[in-house]
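Peer 1: need coordinates for the below:
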Amino acid sequence: MLRLGGTASPGHITVFRGLKTHFQQQGIALDWVLYADYDALVEAFATREIDLAWNGPISYVHIKQRLHDPCRVVAMRDVDVNFRTQLFTRRDSSITTLDDLKGKRVALGSRGSAQAGLLPYYFLKQHGLDPQRDLAAYTFAEDREPSPLSDERAVVELVLKGAYDAGAVSQRTLEGLTEHGQLMPDTLRVFWSSPGYSHCCFTAHRDLDAGVAQQITDAFLAMHYTDRLGKEVLDAEGCQAFVPGITTGWEALERALSEPIR
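Peer 2: Residues are numbered from 1 along each chain as shown. All right, here's what the predicted structure looks like:
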């Protein structure tokens, strides 16, 4: 029996229950367990307590580094390929390029967020901007007063009300807020988008039998949005389909994790 691990959240309970039923229908025995955080998930995978891990981008990189061996990425969500970080400002702002951020205030997400924390900080440095020297101010979510909102939603609100001149979140966040009517069109303007990169992934051990690995991938691909169970699982994951996994697209994140954030 395969054992799938992930982090504890109400959404993941729905997803994992649905995946267990779906995999059984595909002839694959699957059980699951949830962990308190990604550090515990990485430890469980590294010690082979679990066979599969539903990884965030940072935990996937940590597993690769911990095992010193590329993992099998058996599946991803459709939204996890060509994921992008975006820098945005208010519609009436004079900011149009990254260079215009000099002397401005920039809000980032959590330090533990690849898309809204680590990567935008790294991308700014890659462009030649030193956040400490060149920005009037920048903060991560942990540096600000606690908010009931998610870290990315809080960044949007801080820019909207003028507390910061610009912010960094994922393209998916901005599109989702607009689609659900939580962000009025034409109130914000994206002035920079990152190159596409890979995000979350279902990871298996490298030495998993190739035939079994393909069966797992095929089972994920057999989950369709037009089916009741498929829609329930995919809606909980905020996507339309699972796609075959790839092992590229985390290179920028690996470099960002190797450089200290000040």
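Peer 1: this protein - how does it break down into domains?
Peer 2: For the chain, automatic domain parsing gives the domain ranges 2-81+197-258, 85-193.
Peer 1: could you redo those domains as CSV and give each row mean neighbour count?
Peer 2: C-beta: built from backbone N, CA, C; applies to glycine. Shown next, in CSV, are the domains of the chain (neighbours: other CB atoms under 10 Å):
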stretch, mean neighbour count
domain 2-81+197-258, 17
domain 85-193, 18
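Peer 1: can you pull out the low-pLDDT segments for the stretch 101-250 of the chain?
Peer 2: Along the stretch 101-250 of the chain, the model assigns pLDDT under 70 to no residue.
Peer 1: for it, just list every one of the helices.
Peer 2: Under the criterion DSSP state H, counting those that start in this stretch, the stretch 101-250 of the chain carries helices at the ranges 119-126, 131-134, 151-160, 171-179, 210-221, 228-236.
Peer 1: and the closest residue to Arg91 other than its chain neighbours, what does it touch?
Peer 2: Among residues not flanking Arg91 along the chain, Arg189 sits closest, at 5.1 Å (CB to CB, 6 or more residues apart in numbering). Counting by CB atoms under 8 Å, 6 or more residues apart in numbering, Arg189 makes contact with Phe88, Thr89, Arg90, Arg91, Ser93.
Peer 1: recalculate using a threshold of 7 Å.
Peer 2: When contacts are counted by CB atoms under 7 Å, 6 or more residues apart in numbering, Arg189 touches Phe88, Thr89, Arg91.
Peer 1: kindly report the same for Ala44.
Peer 2: Gly5, Tyr35, Ile50.
Peer 1: go on, Ala114?
Peer 2: Pro57, Ile58, Leu253.
Peer 1: excluding its backbone neighbours, what's nearest it?
Peer 2: Pro57 (4.3 Å).
Peer 1: so that neighbour touches Glu254, yeah?
Peer 2: No - using CB atoms under 7 Å, Pro57 is not in contact with Glu254; the gap is 9.9 Å.
Peer 1: gap between Asp209 and Leu229?
Peer 2: Distance of Asp209 to Leu229, computed by CB to CB, to the nearest Å: 27 Å.
Peer 1: kindly report the same for Phe220.
Peer 2: Where Leu229 is concerned, Phe220 sits at a distance of 13 Å (CB to CB).
Peer 1: on the three-state scheme, Gly6 is what?
Peer 2: Look at Gly6: counting by DSSP: H, G, I helix; E, B strand; the rest coil, its state is strand.
Peer 1: where does the closest residue to it other than its chain neighbours sit: helix, strand or coil?
Peer 2: Closest residue in space to Gly6, ignoring its immediate chain neighbours: Trp54 at 3.8 Å, by CB to CB, 6+ apart. Look at Trp54: counting by three-state DSSP, its state is strand.
Peer 1: beta partners of Trp54?
Peer 2: Under the criterion DSSP bridges, Trp54 forms beta bridges with Phe202.
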